[in-house]
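Enquirer: Show me the folded form of this:
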Amino acid sequence: MRKVYKVEFSEPINGKSDYYFGSLSAIYDVFTPDQVGCKVSRLWNVGITQERPYDGKKCRISVEEVTQKQRSK
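Expert: All right, here's what the predicted structure looks like:
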C-alpha cells in the first residue's frame with residue numbers, strides 16, 4: 001500500500017477542489033502557504049493520519065491509501 005495526501009479546498013482553485021500529492025512538501029510546490037492556510041511545518045506537527053486529518057479554514061488534508069500492482073522482475 002502507498003499513501004497519498006488528498007487536499008480538498010473549500011473554494012475551487014483553477015476549477016478543481018481536490019488535489020492529490022505524494023508528500024506534504026509536494027503540496028507547497030503547487031500551492032502557497034496562503035492558499036493552503038498554513039505552513040508545511042504546521043502539517044508535520046499535526047501528524048496527519050487516516051484517523052486524524054487536518055481541518056483548516058481553507059482546506060482539509062487527509063491521508064488515503066492507494067493499492068499498486070507489484071512489479072515482476
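
Enquirer: what's the neighbour count on residue 8?
Expert: By other Cβ atoms under 10 Å, 13 other residues sit near residue 8. Using the backbone N, CA and C atoms, a C-beta is placed for each residue, glycine as well.

Enquirer: looking at it, it is touching residue 18, isn't it?
Expert: Yes - in this structure, residue 8 is within contact of residue 18 by Cβ atoms under 8 Å, at 5.4 Å.

Enquirer: So which residues of the protein form helices?
Expert: For the chain, applying DSSP state H gives helices covering 24-30, 33-36, 40-46.

Enquirer: Out of those helices, which is closest to residue 69?
Expert: Evaluated with Cβ to Cβ, the helices of the chain place helix 24-30 nearest to residue 69, the distance being 22.7 Å.

Enquirer: Give the other helices and strands that the closest one contacts.
Expert: Under the contact criterion of 3 or more Cβ pairs under 8 Å, 6 or more residues apart in numbering; DSSP states H and E, helix 24-30 touches strand 2-13, strand 16-21, helix 40-46.

Enquirer: Could I get the buried residue list for that helix?
Expert: Residues of helix 24-30 classed as buried: 24, 27, 28 (neighbour count, 16 or more other Cβ atoms under 10 Å).

Enquirer: and if you look at stretch 39-58?
Expert: So stretch 39-58, judged by 16+ other Cβ under 10 Å, has buried residues 43, 46, 48, 53, 54, 56.

Enquirer: could I get the residues you listed as CSV with distance to residue 35 and pLDDT?
Expert: Output for those, formatted as CSV (distance: Cβ to Cβ, whole Å; pLDDT from 0 to 100):
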residue, distance to residue 35, pLDDT
43, 14, 94
46, 18, 90
48, 18, 93
53, 18, 96
54, 14, 96
56, 11, 94
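
Enquirer: from the buried residues of helix 24-30, which is closest to residue 71?
Expert: Proximity of these to residue 71 (Cβ to Cβ) peaks at residue 24, which lies at 26.1 Å.

Enquirer: On the pLDDT front, check that closest one for me.
Expert: Looking at residue 24, its pLDDT is 95.

Enquirer: Could you check how far it is from residue 10?
Expert: With distances taken as Cβ to Cβ, to the nearest Å, residue 24 is found 19 Å from residue 10.
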